[in-house]
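1. here is my input, please return the structure:
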Amino acid sequence: MQKEASLKTVAIIATVAVLTVALAATVRAADDSTGNPVQAQIDHGKSTYAEKCSHCHGPNMMNPGTITPDLRAFPDDKTRFVTTVKNGKNNKMPPWGDILSDDEIGNLWAFISSRRKP
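-> Predicted coordinates:
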């Protein structure tokens, strides 16, 4: 009986340890290696930008010779940015609201904001 209780205690402790490690790994995955959640947003935004935006706006957020604006000079106006991305603009930029999630658009904003020219 006592041996069974000890084995159950060990099993419970092992389960708690595994769950704790899994939780810690999940939290670390949400943040970057420095534990900075804003940097993680920027990194995710950079990836989304490279995949979805760079073909028109250029790999460095500017594409000379086209109608796309230099995104490094985009005003510090998140609402305007989100509205433009979701709804498109002047029949030149297509709407992305049905393609990108709110989190992806927020991450794009974090990335664009981090690269803004002073």
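2. from now on I want contacts and neighbour counts done on CA atoms only, so please keep to that.
-> Will do.
3. which of the three states applies to the spatially closest residue to residue 50 that is not a sequence neighbour?
-> On the basis of C-alpha to C-alpha, 6 or more residues apart in numbering, the spatially nearest residue to residue 50 that is not a chain neighbour turns out to be residue 59, at 6.8 Å. Here residue 59 takes the coil state, with states given by DSSP: H, G, I helix; E, B strand; the rest coil.
4. and residue 59, how many neighbours?
-> When neighbours are counted by other C-alpha atoms under 10 Å, residue 59 registers 14.
5. against residue 86, how distant is it?
-> Residue 59 sits 21 Å away from residue 86 when distances are taken as C-alpha to C-alpha, to the nearest Å.
6. next: residue 53.
-> Shown here: residue 53 relative to residue 86, a distance of 13 Å by C-alpha to C-alpha.
7. so for the two, which sits in the more crowded spot?
-> Each of residue 53 and residue 86 has its neighbours counted (other C-alpha under 10 Å); residue 86 has more, 20 against 15.
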